[in-house]
Each structure stands twice: as C-alpha cells, then as structure tokens.
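S.K.: got a sequence here, can you build the structure:
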Amino acid sequence: VLDSIKSETGIFLNLPKNISGILDYAFTEMLNNAIEHSKSKKIEVYFKRGKDDINFKVIDWGIGIFKNIKKKKKLRSELEAIQDLIKGKQTTAPKAHTGEGIFFTSKAGDTLVIHGSDKKLIFDNLIEDIFVKNSRRIAGTRIFFTVNIKSKRNLSLVFKMYSGDSFEFSKTKVIIKLFKIGVNYISRSQARRVINGLDKFKNIILDFKGVDTVGQAFADEVFRVWQKRYPDIKIEYCNANENIELMIKHVLRTEEV
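M.R.: Alright, predicted model coming up:
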C-alpha cells in the first residue's frame, strides 16, 4: 500500500530522510494493527501533505481498539484499556507481535490520535502530554498521525530513548494523571492498575504532571511493595510536587528503617 502511495502521488517527494523514515514506520505499524486486530471487512487510508506537515488516517469499522483490549484482557472499562495501552508492551496477540508499534508510533510524530468507541486518546509530543477526551461514538477505530516536514525528530533516537544497550524495548514512561480520572487522589488499588504489567521493563518513569497528590497507600504499593518484589527494576519519577514528594520520601524512609 505504501509503495503505491509513494509511486502514484507526490506526497513523499523530496522529503527529508528522517521524516520519510518516521512515516514509513508509523503508517506500516498502524495499518498492520488494523489488519491484524480489527476484524474489519474494509480499511481506508488517507495521506495528505500540507505546506508544513504530512498526516495520514487509518480507518476501520471493526471491533474497536479499546473495546478489543477490554474484552481480551478482561478489564472493567474502556478507560482501563486506554490506561493499559499507554504503558507499551501491551498486546492482545502476544504470539503475533510484541505490542511495541503503537508505543513507538506515539513517540515518533508530532501528534497521534486514536479514536475508538466514545473516547479519543491524544498523544501530543509538541507539548509532551497525553490526553483522553470524550467524543462521539463510532464503530471501529480511527487513527490520525501528523508530523512536521521540518521536524528534527529521528526514529532511531526514539528507539534509543526507550531501549537499553541491547536495543531491547526496556523503558517506559507512565502518565499518572490518566489513572486518576473521577477520583480526588490515587489509592492502592489504582497503584496496582498503574504498575500492572510493568515487570516487563527494566526502567520505569512515573510522570506526576497534573497530579495534585497521591495517597500514602499509593506510594507504599509502588515504591515499597512492588519495588521489593522486583528489586532489579529501576523506578524513577518526574514532575512530582512537594505533596507527592513527601509521600514518596516517607515511604522510602520507612523502608530503610
């Protein structure tokens, strides 16, 4: 499909090598994801080149990405499916592939929007943030990806950032605010949702941007209980305010005593 787009249109003409590489990877991953998981009888793809950027869409009318994850992983809601998805290395078909495609695609361009059911998951790398928004309910899944033609983003650097020396996908960042929707503070039960499945990684970064506070039980579950269970996994955190810092340091001091 991509070869036909390249040969029959001028969309890829004179593109910088780094942008062409990003589009090759992102489009192939998103199309293959739709083919393998959606069970849709029809998939439509669109490419558009503007003055400053290039974007593509992949649209299917299948089961829907969030609904599929919820069903296969026996989760309680599609919001939990979204929380699962953003961690990386999460797949409903482990024998077929590793679940890396969406994770790296979400880091490669300027924006990636995944619309399934009545939710939009938005990765905005221009402001380094992730959002979940309510949207009109649709059948299937719609993917929208965009990258600026003059962007300095480089696919190999994205891989290197989240890989060890062996180039194994070993590092992830978890956006904590996506686990606190509808609650005032994050508790032990939510901590377990945050860290579920993260034992696949060697290095974990917890990003507390947009989170006012966490319960002591949350900090205890992550930084003492879970860390004790997996001592070889490195847990780091960033964007924690003084309230969160207080809870984390309190738990760490308790562990040292």
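
S.K.: can you show me the helices along the protein?
M.R.: For the chain, the helices defined by DSSP state H occupy 2-8, 17-37, 65-72, 78-85, 101-108, 155-161, 188-195, 216-220, 227-229, 242-256.

S.K.: now the third one, how far from the centre of its chain.
M.R.: Here helix 65-72 is found 15 Å from its chain centre; the criterion is Cα atoms, centre = their mean, to the nearest Å.

S.K.: ok, back up a step: so can I have JSON lines of the helices of the chain showing mean neighbour count and mean pLDDT?
M.R.: Bear in mind the C-beta positions are built from the backbone N, C-alpha and C, glycine included. JSON lines is the format used below for these (neighbours: other Cβ atoms under 10 Å; pLDDT from 0 to 100):
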{"stretch": "helix 2-8", "mean neighbour count": "11", "mean pLDDT": "89"}
{"stretch": "helix 17-37", "mean neighbour count": "19", "mean pLDDT": "93"}
{"stretch": "helix 65-72", "mean neighbour count": "20", "mean pLDDT": "92"}
{"stretch": "helix 78-85", "mean neighbour count": "21", "mean pLDDT": "90"}
{"stretch": "helix 101-108", "mean neighbour count": "22", "mean pLDDT": "90"}
{"stretch": "helix 155-161", "mean neighbour count": "15", "mean pLDDT": "83"}
{"stretch": "helix 188-195", "mean neighbour count": "18", "mean pLDDT": "86"}
{"stretch": "helix 216-220", "mean neighbour count": "21", "mean pLDDT": "90"}
{"stretch": "helix 227-229", "mean neighbour count": "12", "mean pLDDT": "93"}
{"stretch": "helix 242-256", "mean neighbour count": "14", "mean pLDDT": "85"}
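
S.K.: Lys57: which of these is closest?
M.R.: Lys57 lies closest to helix 17-37 among these, at 9.2 Å (Cβ to Cβ).

S.K.: between helix 65-72 and the closest one, find me the angle.
M.R.: 50 degrees (axes from the mean of the first three to the mean of the last three Cα atoms, to 10 degrees).

S.K.: for helix 17-37, name the packing helices and strands.
M.R.: Packed against helix 17-37, as judged by 3 or more Cβ pairs under 8 Å, 6 or more residues apart in numbering; DSSP states H and E, are the following elements: helix 2-8, strand 43-49, strand 53-60, helix 65-72, helix 101-108, strand 141-148, helix 155-161.

S.K.: now do 10 Å
M.R.: helix 2-8, strand 43-49, strand 53-60, helix 65-72, helix 101-108, strand 111-116, strand 141-148, helix 155-161 (3 or more Cβ pairs under 10 Å, 6 or more residues apart in numbering; DSSP states H and E).

S.K.: using PDB, write out every CA atom in it.
M.R.: C-alpha atoms of helix 17-37 as PDB (Å, rounded to 0.1, in the frame of the first residue of the first chain):
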ATOM      1  CA  LYS A  17      15.200  11.200   5.200                       C
ATOM      2  CA  ASN A  18      14.200  11.300   8.900                       C
ATOM      3  CA  ILE A  19      10.500  12.300   8.100                       C
ATOM      4  CA  SER A  20      10.300   9.600   5.400                       C
ATOM      5  CA  GLY A  21      11.500   7.000   7.900                       C
ATOM      6  CA  ILE A  22       9.000   8.100  10.600                       C
ATOM      7  CA  LEU A  23       6.100   7.900   8.100                       C
ATOM      8  CA  ASP A  24       7.200   4.500   6.800                       C
ATOM      9  CA  TYR A  25       7.300   3.100  10.300                       C
ATOM     10  CA  ALA A  26       4.200   4.800  11.700                       C
ATOM     11  CA  PHE A  27       1.900   4.100   8.700                       C
ATOM     12  CA  THR A  28       3.000   0.400   8.400                       C
ATOM     13  CA  GLU A  29       2.500  -0.200  12.100                       C
ATOM     14  CA  MET A  30      -0.900   1.400  12.200                       C
ATOM     15  CA  LEU A  31      -2.200  -0.300   9.100                       C
ATOM     16  CA  ASN A  32      -0.900  -3.700  10.200                       C
ATOM     17  CA  ASN A  33      -2.500  -3.100  13.600                       C
ATOM     18  CA  ALA A  34      -5.900  -2.600  11.900                       C
ATOM     19  CA  ILE A  35      -5.400  -5.600   9.600                       C
ATOM     20  CA  GLU A  36      -4.500  -8.000  12.500                       C
ATOM     21  CA  HIS A  37      -6.900  -6.800  15.200                       C
END
